[in-house]
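Undergrad: What shape does this take:
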Amino acid sequence: MSFSAVIVAAGSGTRAGPGQAKQWRMLAGKPVLRWSVETFINLGAQDVVIVADLGARTTLGIALAGLEGWTTVAGGATRALSVRAGLAALAARPADEPVLVHDAARPFLGAATIQAVLKGLENADGAIPALPVADTLKSGAADGAVVTTPRDNLWRAQTPQGFRRDRLLAAYAAWTGPSEPTDDGQVVEQDGGRVVVVPGDPMLMKLTYPEDFAMAETLAGRARVTRMGQGFDAHRWGPHPEGRGESVWLCGVEIAHDETLIGHSDADAGLHALTDAILGAIGEGDIGDHFPPTDPQWKGASSDRFLAHAVDLVRQRGGTLVNVDVTLICERPKIKPHRAAMRERLAQILDLPLNRVSVKATTTEGMGFTGRGEGLAAQAIAVVETPA
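TA: As a prediction, this is how the structure comes out:
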């Protein structure tokens, strides 16, 4: 389902203690805001609008450096005004498109929560993730005495909360107060809308007080799982087909050579091994499952398409590629003169910094099919981080 997102990041966060506003503080090596922005972008949000203070534009640019797919708009004096500003910035999107409104101070947003909210919105005016209240509740009196309050049917609301954009705008236009709403679900409820609860996530805590950041640092290590995949591919050498030129493709780079690698696609063994490594890291089979060699549409296809597909699958799961390492095994052609170009091309396809991309080469000292010059082999390792 197509959706957009509004992230409210205009608050000062005074309860979080001295220093920067909490959305700009570092959490496990990156700004708090960046955690949820990356998740929305990786899960296919059509547009991500960040509502921020005008004076924080430079800070915002630094916090989200290298990310694409987001825009920003100035926030208002209250959260409600900031949300309305974010909705207005999505005017070019379809009026009935789902919009997920999220608090920047909830960094541990996962794919399951987004999917649950979108699913809940199919048959309701609004859908909010929430957790049932588990603790015994007490209400206090002025003299210090307390009274136990029933907790049946009580929920702790979280974000992102989902609504059709036009429905939420209409509800805000009809809001009469008298006080400011505490969340967007309340606005739609008062306007007569049906808001449903979907399963929340205990990890989706809101950073409010100084002690929350210490807990979040601990949780950050548990919020992501590091996965490793390996891939191997081999192709035999053969004569160039007519019209194919005198070259071979390796790791996305065309190299002049008197023979070529034989395969259904362009037979780039380096890219094939790396594609399998990434697919293996996320448990998605191998390249043949996604691009069968029996399918004529892949005949002669450029293998960078296969690699880009594997990276997209990682992002769809809310994951990120950490680093890759490719080893080419052959007697010829000489790889060293082309290693720099190969690393640059892989970094481009994978959208990774160059220092996270490695390409190496080795021979088998004349042994085996590679040593006899019958073919070329490649092996690869990929490291991926995904939500737990």
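Undergrad: In the stretch 201-350 of the chain, where is pLDDT below threshold?
TA: Per-residue confidence for the stretch 201-350 of the chain (pLDDT under 70) gives these ranges: 221-223, 242-245.
Undergrad: and the spatially closest residue to residue 174 that is not a sequence neighbour, what does it touch?
TA: Once flanking residues are discounted, residue 174 sits nearest to residue 191: 4.9 Å by Cβ to Cβ, 6 or more residues apart in numbering. C-beta: built from backbone N, CA, C; applies to glycine. Taking Cβ atoms under 8 Å, 6 or more residues apart in numbering, we find residue 191 in contact with 170-171, 174-175.
Undergrad: can you rerun that using 10 Å?
TA: 125-126, 167-168, 170-176 (Cβ atoms under 10 Å, 6 or more residues apart in numbering).
Undergrad: In terms of pLDDT, where does it sit?
TA: Residue 191 is assigned a predicted lDDT (pLDDT) of 95.
Undergrad: which among the contacts of residue 191 end up buried?
TA: 125-126, 167-168, 170-172 (16 or more other Cβ atoms under 10 Å).
Undergrad: which of the residues you listed lies closest to residue 75?
TA: residue 172 (14.8 Å; Cβ to Cβ).
Undergrad: thought the closest one was touching residue 83?
TA: Yes: Residue 172 sits in contact with residue 83 when judged by Cβ atoms under 10 Å, with a separation of 7.3 Å.
Undergrad: and for these two, which residues touch both?
TA: Common neighbours of residue 172 and residue 83 (Cβ under 10 Å, 6+ apart) are 181, 184, 187.
Undergrad: what number of residues lie near the last one?
TA: In other words, residue 187. 25 (other Cβ atoms under 10 Å).
Undergrad: show me what contacts residue 4?
TA: Residue 4 neighbours (Cβ under 10 Å, 6+ apart): 40, 45-49, 86-87, 89-90, 93-94, 97-100, 165.
Undergrad: Now, these that are in helices?
TA: Using DSSP state H, the members of these that fall within helices are 40, 86-87, 165.
Undergrad: Name the member of the residues you listed with the most neighbours.
TA: Neighbour tally across these (other Cβ under 10 Å): the maximum, 28 neighbours, falls on residue 86.
Undergrad: That residue contacts residue 70, doesn't it?
TA: No: Residue 86 sits out of contact with residue 70 when judged by Cβ under 10 Å, with a separation of 11.5 Å.
Undergrad: what touches both of these two?
TA: In terms of Cβ under 10 Å, 6+ apart, residue 86 and residue 70 are both contacted by the residues 5, 7, 48-50.
Undergrad: which of these lies closest to residue 374?
TA: Proximity of the shared contacts of residue 86 and residue 70 to residue 374 (Cβ to Cβ) peaks at residue 48, which lies at 50.9 Å.
Undergrad: ok, now which ones touch that closest one?
TA: By Cβ under 10 Å, 6+ apart, the neighbours of residue 48 are 4-7, 36-41, 64, 67-72, 86, 90, 100, 102.
Undergrad: Let me know the distance separating it from residue 102.
TA: Separation of residue 48 from residue 102 (Cβ to Cβ, to the nearest Å): 9 Å.
Undergrad: Could you tell me the end-to-end distance of stretch 312-329?
TA: 28 Å (Cα to Cα, to the nearest Å).
Undergrad: likewise stretch 141-152?
TA: For stretch 141-152, the end-to-end distance is 21 Å (Cα to Cα).
Undergrad: who's in contact with that stretch?
TA: By Cβ under 10 Å, 6+ apart, stretch 141-152 touches 132-140.
Undergrad: hmm, try it at 8 Å
TA: Here stretch 141-152 makes contact (Cβ under 8 Å, 6+ apart) with 133-140.
Undergrad: Strands of the stretch 101-250 of the chain, residue ranges please.
TA: Counting by DSSP state E, counting those that start in this stretch, the stretch 101-250 of the chain has strands at residues 126-132, 137-140, 146-149, 155-157, 161-164, 195-199, 224-238, 247-250.
Undergrad: want to throw those strands into CSV with distance to residue 274?
TA: Listed next are the strands of the stretch 101-250 of the chain as CSV, based on distance: least, Cβ to Cβ, whole Å:
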stretch, distance to residue 274
strand 126-132, 36
strand 137-140, 54
strand 146-149, 57
strand 155-157, 43
strand 161-164, 36
strand 195-199, 36
strand 224-238, 6
strand 247-250, 11
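Undergrad: Please identify the most buried of these.
TA: strand 161-164 (a mean of 27; mean count of other Cβ atoms under 10 Å).
Undergrad: Quickly run through the sheet partners of that strand, with directions.
TA: Within its sheet, and counting by DSSP bridges, strand 161-164 is paired with strand 98-103 (antiparallel), strand 126-132 (antiparallel).
Undergrad: Out of the ones you listed, which is closest to residue 372?
TA: Comparing the strands paired with strand 161-164 by Cβ to Cβ, strand 98-103 comes nearest, at 58.0 Å.
Undergrad: List the buried residues for that closest one?
TA: Neighbour count says strand 98-103 has 98-103 buried, by 16+ other Cβ under 10 Å.
Undergrad: Spatially, which two of those residues are the most separated?
TA: Farthest pair in the buried residues of strand 98-103, by Cβ to Cβ: 98 and 103, 17.5 Å.
Undergrad: Next, count neighbours for the residue nearest to residue 269 when sequence neighbours are not counted.
TA: Nearest residue to residue 269 in three dimensions, chain neighbours excluded: residue 378, at 4.1 Å (Cβ to Cβ, 6+ apart). For residue 378, the count of nearby residues is 26 (other Cβ under 10 Å).
Undergrad: Could you give the secondary structure assignment for residue 378?
TA: Three-state call for residue 378 (DSSP: H, G, I helix; E, B strand; the rest coil): strand.
Undergrad: same check, this time on residue 344
TA: Following three-state DSSP, residue 344 is assigned to helix.
Undergrad: Pretty sure it sits against residue 354.
TA: Yes: assessed by Cβ atoms under 8 Å, residue 344 is found in contact with residue 354 at 6.7 Å.
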